[in-house]
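Chemist: Okay, sequence plus prediction incoming.
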Amino acid sequence: MSGTIFTKIINREIPSNIIFEDEICIIIEDISPQAPLHYLAIPKKEIIGVSDLNDKDNVIISHLLLTIKKQMQSINVSDYRLVINNGSEAGQTVFHLHIHILANRTLGWPPG
């Protein structure tokens, strides 16, 4: 899996607009935004998807969610949607776990 576009962004092999980064994760702007604000929160550990999480990954997942919360607070965005696609039939196109953060427009339900 080391060849995913997200791994290449994390390793600075491909440029991206980085919003936030620490030792566990990176948040970048999506290159094909579906809302005025569309970020991707990506763990640096290579995990294919939610189905591939193990009990030791709970620290990573909680860190991702709390980091998203803090980042959104820092830019005064209180209403946003988080989306995780798991598997190709669910719309996952990059097989490196990531959370879509969508905001700054009214989002309909049901999605898709």
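Modeler: Structure received.

Chemist: Could you use CA atoms for every contact and neighbour count after this?
Modeler: Noted.

Chemist: Pretty sure residue 14 sits against residue 8.
Modeler: Yes. Using C-alpha atoms under 8 Å, residue 14 makes contact with residue 8 at a distance of 5.6 Å.

Chemist: Next, count neighbours for residue 102.
Modeler: The local packing count at residue 102 equals 22, with neighbours defined by other C-alpha atoms under 10 Å.

Chemist: Looks to me like it is in a strand.
Modeler: Yes. Remark: residue 102 belongs to a strand, assigned using DSSP: H, G, I helix; E, B strand; the rest coil.

Chemist: gap between it and residue 35?
Modeler: Distance, residue 102 to residue 35, by C-alpha to C-alpha, to the nearest Å: 6 Å.

Chemist: And residue 27, by the same measure?
Modeler: Distance check for residue 27 against residue 35: by C-alpha to C-alpha, it reads 16 Å.

Chemist: who has more neighbours, residue 14 and residue 8?
Modeler: Counted by other C-alpha under 10 Å, residue 14 and residue 8 do not tie: residue 8 has more neighbours, with 14 against 11.

Chemist: for the host helix or strand of the more buried one, what is the average pLDDT?
Modeler: Residue 8 is part of helix 5-10 when elements are defined by DSSP states H and E. Taken as a whole, helix 5-10 carries a mean pLDDT of 96.

Chemist: so residue 27, which of the three states?
Modeler: Here residue 27 is strand, with the state taken from three-state DSSP.

Chemist: Count the neighbours of it for me.
Modeler: 26.

Chemist: cool, and the one 4 residues further on?
Modeler: The number of residues packed around residue 31, counting by other C-alpha under 10 Å, is 11.

Chemist: The top strand by length along the chain to strand 25-29, inter-axis angle?
Modeler: Taking DSSP state E as the assignment, the strand of the chain that covers the most residues is strand 37-43. Interaxial angle of strand 37-43 relative to strand 25-29 (axes from the mean of the first three to the mean of the last three C-alpha atoms, to 10 degrees): 160 degrees.

Chemist: which other helices and strands contact strand 37-43?
Modeler: For strand 37-43, the packing partners by 3 or more C-alpha pairs under 8 Å, 6 or more residues apart in numbering; DSSP states H and E come out as strand 25-29, helix 58-74, strand 99-103.
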